[in-house]
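A.B. asks: turn this into a structure:
(2 chains)
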Amino acid sequence: MARTPQTLFDKVWQRHEVCAETPSTPAVLYVDLHLTHEVTSPQAFAVLRERGLPVRRPERTLATADHSTPTHTSQIFGGAPIAIESAARQVRELEHNCREFGIELLDLKHAERGIVHIIGPELGLTQPGQTVVCGDSHTSTHGALGALAFGIGTTEVGHVLATQCLLQRKPRTLAVNVQGALRKGVTAKDLILGIVGRLGVDGGTGHVIEYRGETIRALDMEQRMTICNMSIEAGARAGMIAPDETTFSYLEGRPRAPKGEAWERALEAWRELPSDRGARFDREVAIDAAALEPMITYGTNPGMVMPIGGLIPERPGDAAFGRALAYMGFAPGAPIKDQPVNVVFLGSCTNSRLSDLRSAAQLLRGRRIAKGLRMLVVPGSQEVKRQAEAEGLDRVFLDAGAEWRESGCSMCIGMNGDVVARGEYAVSTSNRNFEGRQGPGARTLLASPLTAAASAVRGRVTDPRELI
Amino acid sequence: MEPFIELTARTVVLPSSNIDTDQIIPARFLTTTTRKGLGKHLFADWRYDREGAPIPTFVLNKPEAGGCRILVGGRNFGCGSSREHAPWALLDYGFRAVVSTEIADIFTSNALKNALLPVVVDETTHGWLVANPGAEITLDVRKRTLTLPSGKSVSFPLEPFAQHCLLGGVDELGYLLGRRSDIDSYERAL
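C.D. replies: Reported below is the predicted structural model:
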């Protein structure tokens, strides 16, 4: 009897059903990997403590400190106290909770610490076919390895700690089919910005996206992570890319990946995961990557994005649009190129991996950033930092006049004191340009590492193709 | 959790679409280790000027907003970050429900976990609510209806299990812990 063709998402969902969904009850879904950090966990641990519950599977749980942690070396390794008292308390709370509940913590001085969505794949912890959750919406990043990975709230963090499971209704599926080769100077970041622009900030609501097509197949793993990372900005529950030889080569030999016979067995299972021929998606969208230019946001959500050489759109009569432009200090119909920039941030779980730093360094080599401009480079993990330093990338950034820091979320979310001042324009390789995201009154322009580096050199929004 | 059966209350309107959770509760307030006390930081950067004084033109600072327990927001309310601090801040402030034409997924899930009722209605009903701030409306969780002052009722979607939990004050963690033997079986088969 022929089986109904299944998508990658169907397969992973089905394999994790502890109890199937019914009309009156959601599915109970097993979680293979639970990543946690200091901001969304304290209240969850408190619930377990109140109810006298242990963590069911400490061995499937990993904690790191990344969101409110300082990036100054002095405060991490130099013995200086964490400057923000409430952040210091929160980090101490995580340390205390992990000790009490027996959870592995990559603490402040740990060689493997980093942004939670950088370290999972880096350590070989995130694997194809898994369910991965974290109290953070950019958990979608891990979908790049063919995992079903999504963000959860603190109450659900408690559910997973106590039962290793979540209650979930099955979302719908959206295939984003990408064809065509990315042109020179156009990166994976530009592609996902283009996709978010096309779908809109609520275009993916209620859906899990599968990114498919020759363009996606041609991307390396770090590029795939950039793509999946911003699935949430289109409102999607998660974003997935089917595993293939690129995925397996990336994973092989990583510290926590299976080895020997276990590796061979895993490979066999992973090769079954890609969507079957003829599998149906609830919706499909086609993207032509060859038509893309370097992209940049101009407004106050990631869907307000445009080609860098274009003109800011006009929407007469749209009051919300007008308010967004007023916040940004932009006029409809004006170009965005040559907009003066005060700050450039190269970092975040979207673009702070080695390949991101390499591409920015390549553009910056032998150049200096513009006078009066501040550039902050925050590697995604301590491992990325070490590798970058081994290649001399830190020297390129420092010689250019940028700051080189310890890893963390830093200026993406501005919780740790790394902020953009009121009214300042920041070109940022992060994922959100909401009002005040990087600091009250901050004006964020989201872009690729290449665009960020080029804009740092000129001191104004710059098409990177002019400098590469 | 207290059962949530019905609510009759007045509305406050924030008509902007795409109100994200960074606006609802800015990141600098996320270093708290409890769920309480976030109400004073709700919409902080819209509510207070840089000296910390209330901005008189912001709707929550107007006298007529006092005692309103239902927030009517524009389309795609609660988008962005998964921070559950957003519903916590709304609840601590005094809201019990949010009404829109579209509410983001993670926010919906977080809201339900805290008995903040997310109510999605059609454009026409939403349009009326936006044009009539301060209206007293009734939300019925059992019937899944929103009733306007005129007496007209419209229905809103509510996932059956979430409805069951709200009506019974049912604790989802308790429900999951009750599935222990299924979870044991699943793990044995791994």
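A.B. asks: show me which positions of stretch A:260-270 end up buried.
C.D. replies: By neighbour count on 16 or more other CB atoms under 10 Å in any protein chain shown, the buried set for stretch A:260-270 is A:266, A:267, A:270. No exception for glycine: its C-beta is placed from N, CA and C like everyone else's.
A.B. asks: give me the residues contacting the longest helix seen in chain A.
C.D. replies: Ranked by number of residues, the top helix in chain A under DSSP state H is helix A:85-101. Residues outside helix A:85-101 that contact it (CB atoms under 8 Å, 6 or more residues apart in numbering or on different chains): A:37-39, A:41-42, A:45, A:48-49, A:54-55, A:58, A:63, A:65, A:68-70, A:81-82, A:103-105, A:107-108, A:161, A:415-416, B:31-33.
A.B. asks: among those residues, name the ones in strands.
C.D. replies: Assigned to strands by DSSP state E, the following of the contacts of helix A:85-101 qualify: A:63, A:104, A:105.
A.B. asks: what's the offset of stretch B:150-169 from the middle of its chain?
C.D. replies: 13 Å (CA atoms, centre = their mean, to the nearest Å).
A.B. asks: anything in it sitting right up against chain A?
C.D. replies: Yes. Contact of stretch B:150-169 with chain A (CB under 8 Å from any CB of the partner chain) involves B:159, B:160, B:161, B:164.
A.B. asks: which one of those residues is nearest to residue B:77?
C.D. replies: residue B:159 (17.3 Å; CB to CB).
A.B. asks: what pLDDT does the model give the spatially closest residue to residue B:30 that is not a sequence neighbour?
C.D. replies: Closest residue to residue B:30 apart from its sequence neighbours, by CB to CB, 6 or more residues apart in numbering or on different chains: residue A:39 at 5.2 Å. Predicted confidence (pLDDT) for residue A:39: 96.
A.B. asks: so what's the residue count around residue A:39?
C.D. replies: Other residues near residue A:39 come to 27 when the count uses other CB atoms under 10 Å in any protein chain shown.
A.B. asks: might one say that it is in contact with residue A:415?
C.D. replies: Yes. In this structure, residue A:39 is within contact of residue A:415 by CB atoms under 8 Å, at 7.4 Å.
A.B. asks: overlap in contacts, these two.
C.D. replies: A:67, A:68, B:30, B:31.
A.B. asks: so how far is stretch A:299-311 off the chain centroid?
C.D. replies: Relative to its parent chain, stretch A:299-311 has a centroid offset of 19 Å by CA atoms, centre = their mean.
A.B. asks: so where do the strands sit in the stretch 201-350 of chain A?
C.D. replies: Using DSSP state E, counting those that start in this stretch, the strands found in the stretch 201-350 of chain A span residues A:207-212, A:238-240, A:283-288, A:295-297, A:305-307, A:343-346.
A.B. asks: for ChimeraX, write the selection for the buried entries among the ones in strands among the contacts of helix A:85-101.
C.D. replies: To isolate in ChimeraX the members of those that are buried, counting by 16+ other CB under 10 Å, one can use:
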select /A:63,105
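A.B. asks: can I get the ones in strands among the contacts of helix A:85-101 in JSON lines including distance to residue A:86?
C.D. replies: Formatted as JSON lines, these follow (distance: CB to CB, whole Å):
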{"residue": "A:63", "distance to residue A:86": "19"}
{"residue": "A:104", "distance to residue A:86": "25"}
{"residue": "A:105", "distance to residue A:86": "19"}
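A.B. asks: let's have the ones in strands among the contacts of helix A:85-101 in JSON lines, adding pLDDT and distance to chain B.
C.D. replies: Formatted as JSON lines, those follow (pLDDT from 0 to 100; distance: CB to the nearest CB, whole Å):
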{"residue": "A:63", "pLDDT": "98", "distance to chain B": "15"}
{"residue": "A:104", "pLDDT": "98", "distance to chain B": "19"}
{"residue": "A:105", "pLDDT": "98", "distance to chain B": "16"}
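A.B. asks: which of the ones in strands among the contacts of helix A:85-101 lies closest to residue A:184?
C.D. replies: The nearest member of the ones in strands among the contacts of helix A:85-101 to residue A:184, counting by CB to CB, is residue A:63 at 40.9 Å.
A.B. asks: which residues are contacting stretch B:172-190?
C.D. replies: The contact list for stretch B:172-190, computed with CB under 8 Å, 6+ apart, reads A:18-19, A:28, A:30, A:47, A:51, A:53, A:56, A:155, A:158-159, A:162-165, A:167, B:113, B:165.
A.B. asks: of those residues, buried ones?
C.D. replies: The neighbour count (16+ other CB under 10 Å) marks A:18-19, A:28, A:30, A:47, A:53, A:56, A:155, A:158-159, A:162-165, A:167, B:113, B:165 as buried among the contacts of stretch B:172-190.
A.B. asks: let's see which of those end up in strands.
C.D. replies: Assignment to strands by DSSP E places the following of the buried ones among the contacts of stretch B:172-190 there: A:18, A:19, A:28, A:30, A:165, A:167.
A.B. asks: which of these sit farthest apart?
C.D. replies: Spatial extent of these (CB to CB) is set by the pair A:30 and A:167 at 11.7 Å.
A.B. asks: quick check: neighbours shared by the two?
C.D. replies: Here residue A:30 and residue A:167 have no joint contacts, going by CB under 8 Å, 6+ apart.
A.B. asks: sounds good, over and out.
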